[in-house]
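S.K.: structure of the sequence below:
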Amino acid sequence: MKSTTALKNWLAGRTLAQLTALLELRSLPQAAGYGQGPRTLDQLADHLLSDASVSRALGSLHAGDLRLLTAIAQLADAEHGPLPRQIPPAQSWTPRQDPVLEPASRAISRAVVLDKLAPGKAARAAVEEALERLAEQALVLPPHTDKIIVPALLHRGSAALQHYGRPLDVLLTDAFNAPEVHAITDRLGLGRGTTRDASQQKIVAFLQDAGNVRKLAAQAPPAARDLLDELVPGPPLLRTHCFVTRYGYYAGSNSKFTLRPGGSGDPGTDWLAGRGMVLPAGQDLAELPYEIAHALRDDTTPAVHLTPPVLTRTEPIPASADGQAQAAAASAAWHAELVLRTVAAQPLAIRKAGGIAVRDTKRVAKDASISEEQARLWLDLAANADLLRPHQEPMNLPAPRGRRRSRTPVPQASARLLPTLGYDTWITATPARRLVPLLATWGVVPEIFTYWPADDDQSPVALVSPTDPMATVLRRGILDALTTLPTGHAMAPGSLDELLTCAAWFRPALTEFLDTDDLRARATATLAEAELLGVTAHGALTTAGHALHALLCAGAERYFPAVPGAGPDLADHPRLADATTHLRAALDAMLPAPRTTARFQADLTATVTGAAAPDLSDLLTTVADRESEGHAIVWRITPGSLRRAFDTGLDAATVLERLRAVSEGGTELPQPLTYTIKDVARTHGRLRVVRSACCIRSDDEHLITEVAATRSLTKLGLRKIAPTVLISTAPPKDTLIALRTAGYTPVLEAETGTTVLERTPSERAESQMPPLAQAHPHHGPGPATATALAAALLRPSTATAKPTARSSKVS
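M.R.: The predicted model follows:
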C-alpha cells in the first residue's frame with residue numbers, strides 16, 4: 001500500500017481533537033499558503049508527507065526523537081542501499097531533480113529496529129514509547145505494526161547527516177565518459193564491458209561488496225590509507241588537483257572529467273582516483289563515494305539516546321529557597337502593579353521611532369523604586385499580556401479651504417501607552433492572579449526583554465516588537481533542562497555551559513550556538529528574568545516554574561501573539577485549560593492570601609504584613625503615601641496625602657470610618673491620626689472655586705484678602721468684586737492648580753453651589769489579543785483555523801471524496 005493511501009486511512013480514524021492537534025503541529029491551514037489548504041484527506045496526506053511539512057514537525061522534536069528517526073533512515077540505507085540517483089536534466093541549464101520517493105519502499109522491520117537500536121529491556125520500552133509518540137505526529141507512518149516507515153525527507157537527508165558521499169553510480173555517471181570508466185575496470189582487474197554502462201555496472205557491483213573495498217584499502221599505499229582515514233568519518237569532500245575537465249576549460253554543471261596527465265603530485269589521491277575510490281565532484285573537488293565509506297567504517301549501527309544528558313554540577317537546594325521564591329513572586333506582583341498604576345495615572349508617550357522614551361522609562365522606574373531594566377521588562381510583558389496597548393490619539397484637522405489641494409503634509413497623530421479594559425479586572429485581582437498573565441506571557445513571548453546586544457549602539461527602550469524566535473527556543477530549552485535536576489538539587493554556580501548543553505538536547509536548534517558568548521549572555525538574562533518572576537530560585541524550578549513548564553509543554557507558545565492564561569478562551573483546548581488552572585493553583589499556593597487589615601501607629605504609619613488586598617491597597621494609596629516595601633509594606637499618612645483624598649470627595653467621617661474598618665484586630669485608631677485627619681478636614685475647602693470664567697469665593701473675608709495679595713497668584717489676574725469674591729482670568733482647572741501650588745486647599749464648586757468631585761477620567765485602550773483560533777489566521781478560501789479544517793475534513797462527504805478538477809478548484 002502506498003504511504004499516502006495508508007496515511008489517508010489513518011487520518012480518517014482520528015478524532016476531531018487528535019486531527020486538530022496534528023494540524024496545529026504542522027501550522028495548517030496557514031502553512032499551505034493562500035487558497036492551497038487541503039480540501040480532502042488525500043490532499044492532507046500529500047501535504048503531511050511533503051518536505052516542508054515534515055521539516056516543520058521535526059523542528060519541535062528533542063534530539064532523542066530526532067536521532068531515532070535518522071537512525072531508522074540509516075537502517076534503511078543499510079538494508080536497501082543508497083537512494084537512486086538524480087534524474088538528469090532535459091537541458092543543460094535546468095537543475096537536476098530528485099526522483100519521487102515512495103517511503104514504503106524503504107520500510108524496515110520493526111523487529112530489526114528494536115534489535116539494532118534497543119538492545120536492553122529498558123531501552124526497548126523507551127524506543128517503543130518513542131515510536132508511538134512519533135506515530136501520533138505522523139513522523140512514523142502508518143501502519144507501524146510490523147514495519148517502520150519514515151517520511152522521504154529523512155531518507156534524502158540520511159546520507160548527509162551521516163557524512164556520507166553520494167553513491168558510486170551517481171558520481172560515475174556525472175563525472176566520466178566511457179574511456180575513464182573503462183580505465184577504472186582495467187585497474188581493478190574486472191575486464192572491460194561491451195559498453196560504458198556495462199563497465200560501470202561492473203565497477204559498482206565490485207565496490208558495493210564491503211570485502212572487496214577492505215582488500216583494496218589494505219593494499220593501498222600509506223598515503224592513500226592516511227587519506228581514507230580522514231575521509232571515511234566524514235565529511236567526504238577533498239580539495240585536489242588530480243582531476244581536470246576533458247577539454248581544459250572551466251567546469252560547468254555537466255562537465256566531464258579525466259585524470260590529470262602526469263598525476264597531481266599527490267600519489268595517495270592519484271591511487272584512490274584511479275580505482276574509483278574518490279571521484280570528481282566539481283572543479284578541483286573530489287568526493288568519497290557512499291559505498292567506500294560504509295564499507296570502511298568500523299560500526300555503522302546508529303546510536304540512539306532517548307534520555308537527556310545528566311546534569312552533574314548540582315548542589316542541594318537550601319532551606320531558604322521556598323521563602324526566596326515567595327518573596328520574588330510577591331515583589332514581582334507588587335512592582336508590576338506599581339508600574340501599571342503609574343502608566344494608568346500618567347500614560348506614556350510613544351516615540352515616532354517606536355518605543356518609550358528613556359526619560360519616561362526612568363520616571364516609571366523611579367515611581368516604582370526599581371531599575372530601568374526591570375521597568376522595561378514589566379512594560380513589555382504587560383503590553384504583550386494585553387494589559388497595556390498603544391493608543392492613537394484622534395486628529396482634529398481643519399477643513400480644507402478653497403478648491404485647491406493643500407500641499408502641507410498631514411501631521412501624524414501622536415500615540416500613547418494606555419491601560420486596556422482588561423487592566424481594570426487585573427488590578428483588582430490577588431497578587432497571585434496578577435502574576436498568571438505575566439508569567440504566561442513571559443513563557444511564550446519571542447523576545448528576551450532584558451537582553452540588549454553589546455554591539456547595538458542604540459539605548460535600550462521599552463515597548464520593543466518581539467521578533468526573536470530563538471528566545472522561545474532558548475527559554476523552553478532551559479526550563480526543559482531544569483526539569484531533569486535530581487529531586488532536592490539545583491544548579492551549582494558555574495554550571496551554565498552544562499545547562500546549555502542539556503538545553504540543546506531538548507532544543508537541537510541551539511546546538512550550533514553552543515560555546516558562543518552571545519548564547520551565554522542570552523541565557524544569563526533569561527535565568528535572571530526567571531528568578532525575578534519567581535519561576536526559579538537558587539538555580540531550580542519553583543512550583544510555579546514547573547506549572548509554567550507544563551503550560552509550554554501543552555503548546556502555549558504555538559499561539560503567540562495570543563497568550564493562553566492571559567485572557568483567551570480555552571474551552572476548545574482542554575490541555576491548555578488544565579495547564580493554566582495548575583499555574584493559577586501553583587501561584588495561589590506560593591503567595592499567601594492578601595491581608596485585609598493594617599496596623600495603624602501613633603507616628604501616622606499603617607503597616608501591612610504581606611501583600612495587601614486590592615481594596616485595602618486602594619484605600620491606603622488614597623489617604624497615604626507608600627513609604628517602604630518588603631515582607632511588610634508601610635504607608636505614611638500626611639496632611640498632603642489627606643488633602644489628596646479630600647479632593648476626591650471624601651470627608652473626615654468617611655475616612656475615619658473606613659480606616660477603623662480595616663484596623664488590625666478592630667483596635668481604635670491612634671489619637672494623633674484621628675486628630676490629623678480632623679484638622680486637615682477642618683481647613684480643607686475653605687476656598688471655593690466657582691465654575692464660570694472664573695470666580696473664587698470664601699466665607700472668610702480675611703482669607704480672600706490674603707489670596708488677593710499673594711504674589712505667586714498674580715498670573716491669575718485676581719480682582720476682588722466683593723468682600724468674599726474674587727474674579728480670576730484663568731479657567732477653573734488652572735486656578736485650582738495655582739491655588740494648590742501656593743499652599744491653599746480649594747475645592748471646585750458647581751453653579752448650583754454643590755462641590756464637584758474631581759476625578760481624572762480613566763483612559764483605556766481597546767484590547768487586541770486575538771482568540772487562539774485567530775492567532776495565525778489563514779487568509780483565503782476554505783476553513784481559517786485548524787479546528788474548522790479538521791471538522792471539514794472529517795465530514796463523511798469530504799473524507800471520502802477523491803480530489804478532482806472540480807473539487808480542487810478554488811472558488
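
S.K.: residues touching the closest residue to Lys147 other than its chain neighbours, list them.
M.R.: Nearest non-adjacent residue to Lys147, counting by C-beta to C-beta, 6 or more residues apart in numbering: Ala107, 4.2 Å away. Heads up, the C-betas are built off the backbone N, CA and C, glycines and all. Contact analysis of Ala107 by C-beta atoms under 8 Å, 6 or more residues apart in numbering lists Ala76, Lys147, Ile148, Ile149.

S.K.: and the lengthiest helix in the chain, what's buried?
M.R.: When the chain is parsed with DSSP state H, its longest helix is helix 321-345. Neighbour-count burial for helix 321-345, counted by 16 or more other C-beta atoms under 10 Å, picks out 321, 324-344.

S.K.: do stretch 708-717 as well
M.R.: Neighbour counts using 16+ other C-beta under 10 Å place Leu713, Leu716 of stretch 708-717 among the buried residues.

S.K.: contacts for that stretch?
M.R.: With C-beta under 8 Å, 6+ apart, stretch 708-717 has contacts from 707, 718-720, 726, 728-730, 734-735, 738-739, 741-742.

S.K.: same thing with stretch 10-28?
M.R.: Stretch 10-28 is touched from outside by 29, 37-38, 41, 44-45, 47-48, 53, 56-57, 60, 136-138, 142-143, 555, 558, 574, 776, 786-787, 789-791, 793-794, 799, with contacts defined as C-beta under 8 Å, 6+ apart.

S.K.: and the helices in the stretch 651-800 of the chain?
M.R.: Chain-ordered helices for the stretch 651-800 of the chain, with DSSP state H, counting those that start in this stretch as the definition, fall at 652-661, 671-683, 701-709, 732-741, 786-794, 796-799.

S.K.: pLDDT (mean, whole number) over the third one?
M.R.: Averaging the model's pLDDT scores along helix 701-709 yields 91.

S.K.: repeat that for the first one.
M.R.: Mean pLDDT, computed over helix 652-661, is 93.

S.K.: about what we covered before: buried deepest among the helices of the stretch 651-800 of the chain, which one?
M.R.: Most buried of the helices of the stretch 651-800 of the chain, by mean neighbour count (mean count of other C-beta atoms under 10 Å): helix 786-794, with a mean of 20.

S.K.: elements contacting that one?
M.R.: Secondary-structure packing of helix 786-794 (3 or more C-beta pairs under 8 Å, 6 or more residues apart in numbering; DSSP states H and E): helix 16-25.

S.K.: in the helix it packs on, what counts as buried?
M.R.: So, applying 16+ other C-beta under 10 Å, buried residues of helix 16-25: Leu19, Thr20, Ala21, Leu22, Leu23, Glu24, Leu25.

S.K.: which of the contacts of stretch 10-28 count as buried?
M.R.: Neighbour counting by 16+ other C-beta under 10 Å classes 29, 37-38, 41, 44-45, 47-48, 53, 57, 137-138, 142, 555, 558, 776, 786-787, 789-790, 793-794, 799 among these as buried.

S.K.: so where is the stretch 551-700 of the chain shaky, pLDDT-wise?
M.R.: 630-631, 688-693 (pLDDT under 70).

S.K.: strands of that one, residue ranges please.
M.R.: Using DSSP state E, counting those that start in this stretch, the strands found in the stretch 551-700 of the chain span residues 599-600, 605-609, 625-628, 632-636, 688-690, 695-697.

S.K.: nearest to Ala357, of those?
M.R.: Nearest to Ala357, of all the strands of the stretch 551-700 of the chain, is strand 625-628, at 25.3 Å by C-beta to C-beta.

S.K.: CA atoms only: put that closest one into CSV for me.
M.R.: Taking C-alpha atoms only, strand 625-628 is exported to CSV below (Å, rounded to 0.1, in the frame of the first residue of the first chain):
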residue,chain,number,x,y,z
ASP,A,625,2.0,57.6,50.6
ARG,A,626,3.7,54.3,50.3
GLU,A,627,7.0,54.6,52.2
SER,A,628,8.7,51.1,52.1
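
S.K.: could you single out the nearest of the buried residues of helix 16-25 to Thr674?
M.R.: Nearest to Thr674 among those, with distances taken as C-beta to C-beta, is Glu24, at 62.3 Å.

S.K.: pLDDT score for that closest one?
M.R.: On pLDDT, Glu24 comes in at 90.

S.K.: what stretches of the protein score poorly on pLDDT?
M.R.: 84-99, 248-253, 299-300, 393-413, 630-631, 688-693, 751-762, 797-811.

S.K.: could you chop it up by domain?
M.R.: 3-161, 168-296, 314-393+414-590, 599-683, 688-744 (automatic domain parsing).

S.K.: is it possible to export those domains to a markdown table including distance to Pro770?
M.R.: Output for those, formatted as a markdown table (distance: least, C-beta to C-beta, whole Å):
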| stretch | distance to Pro770 |
| --- | --- |
| domain 3-161 | 13 |
| domain 168-296 | 46 |
| domain 314-393+414-590 | 5 |
| domain 599-683 | 28 |
| domain 688-744 | 40 |
